[in-house]
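Provided below for reference: sequence and predicted model.
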Amino acid sequence: MSPVVPKRCRISRRNKTQREGSYMPELPEAEKARRTLERLCVGLRIAHVEDGDEWVCRPHEPGELDSALRGSIVTAAGRHGKFLWLETDSGHELGLHLGMGGSIRSAPKPSPRSWDRIAIVFDDGSRVALRDKRRLSRAHLGAGIDKLGPDALTITPRAFRARVGAGRTPIKARLLDQSVLAGVGNLLADEALFDAMINPRQPAGTLSTDALDQLRSSLRVALREALTPKGGSGRGRFARARRGRQCPRCSCELERATVGGRTTYWCPNEQVITETS
Ligand SMILES: [Zn+2]
């Protein structure tokens, strides 16, 4: 009897976390992981790859990543949106995605609970692992970024206006669509929309050039703040205020609804839907 109840509890907590977006890595967490990969891996020769997790390394068979990468030197660590990859001098790329809570770390010894979903052992004896308790991360050959839009940190104002400011979709959903713009998750989207004073349900194609430029600027500020050593998605002014449901600018009660499939907060006083913004 007892195993059933804890299992239900786990699923319930996970769904709540997904709705609230508390642990969903966004671009800043991926960029911090890329810097860790760069620091720990670039310039080193791969002795072997521990790729035995068939689920995380799907569709590859155990040993497939190892035989492709063994003996090559890591030349760079890349990131686009929330996707990461290592480049090697053999031409092969190892694509990595952190899933909901994975992290890149120096791990001289394997995780005692087998949470290292993939690990690279280098010629110098060092070992770098993608540690992920929940097994939602991914590892595969190739960067896997073909279907992504431009990166949120580097997109030009012109491309942002053309891609984000189009269609009848609510602007919040448009920001979350990784094929439109890569790297923005729930918390950063709410933070930027609040800063730009745009209602998350405003149809994307009705936003003015000025509103779109402001939104891009607000997004970049939120991203840069999240990239500071103490920053992170969900630690901005508005994300913190979500918990108390109170607007940090005018103190009114925040509105809440599901937009783009995600729990969304906004200030009903300042983020008003306009006819043609
Ligand atoms: Zn307000």
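Thanks, I have it.

which residues sit in contact with the residue of the stretch 51-200 of the chain found nearest the ion?
At 8.2 Å from the ion, residue 194 is the closest residue in the stretch 51-200 of the chain, using Cβ to the ion. Any C-beta I mention is one placed from the backbone N, CA and C, and that applies to glycine too. Counting by Cβ atoms under 8 Å, 6 or more residues apart in numbering, residue 194 touches 238, 266-267, 271.

got it, and residue 159?
Residue 159 neighbours (Cβ under 8 Å, 6+ apart): residue 150.

sec struct for it, please.
Using DSSP: H, G, I helix; E, B strand; the rest coil, the structure places residue 159 in helix.

Wait, residue 139 touches residue 119, no?
No. Using Cβ atoms under 8 Å, residue 139 makes no contact with residue 119, being 10.0 Å away.

Looking at the contacts of residue 194, which are in helices?
Judged by DSSP state H, helices contain the following of those: residue 238.

Figure out how far stretch 162-179 is from the centre of its chain.
A distance of 17 Å separates the centroid of the chain from that of stretch 162-179, by Cα atoms, centre = their mean, to the nearest Å.

tell me how far the ends of it are from each other?
One end of stretch 162-179 sits 13 Å from the other (Cα to Cα, to the nearest Å).

just checking, residue 51 touches residue 68?
No. Counting by Cβ under 8 Å, residue 51 does not reach residue 68; the two are 9.5 Å apart.

Can you pick out the residue with more neighbours from those two?
Ranked by neighbour count (other Cβ atoms under 10 Å), residue 51 and residue 68 place residue 51 first, with 25 against 20.

can I get the contacts of residue 194 in CSV with pLDDT?
Compiled in CSV, those are given as follows (pLDDT from 0 to 100):
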residue, pLDDT
238, 85
266, 96
267, 96
271, 97
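
for the contacts of residue 194, which one is nearest residue 145?
Of all those, residue 238 has the smallest distance to residue 145: 28.8 Å, by Cβ to Cβ.

Pull the contacting residues for that closest one.
Listed by Cβ under 8 Å, 6+ apart, the contact partners of residue 238 are 190-191, 194-195, 248, 265.

So the residue of the stretch 51-200 of the chain closest to the ion lies in a helix, does it not?
Yes. Looking at residue 194 with three-state DSSP, it is inside a helix.

Give me the pLDDT value at it.
Residue 194 carries a pLDDT value of 96.

list the residues that contact both of residue 139 and residue 119?
Shared contacts of residue 139 and residue 119 (Cβ under 8 Å, 6+ apart): residue 130.

what about these two, which has more around it?
More crowded of residue 139 and residue 119, by other Cβ under 10 Å: residue 139, with 26 against 21.

quick one: the more buried one is in a strand?
Yes. With three-state DSSP as the criterion, residue 139 is assigned to a strand.

element containing the nearest residue to it once chain neighbours are set aside, please.
In space, and not counting its chain neighbours, residue 139 is closest to residue 118: 4.3 Å by Cβ to Cβ, 6 or more residues apart in numbering. Under the criterion of DSSP states H and E, residue 118 resides in strand 116-122.

Since that was my last question, I'll sign off now.
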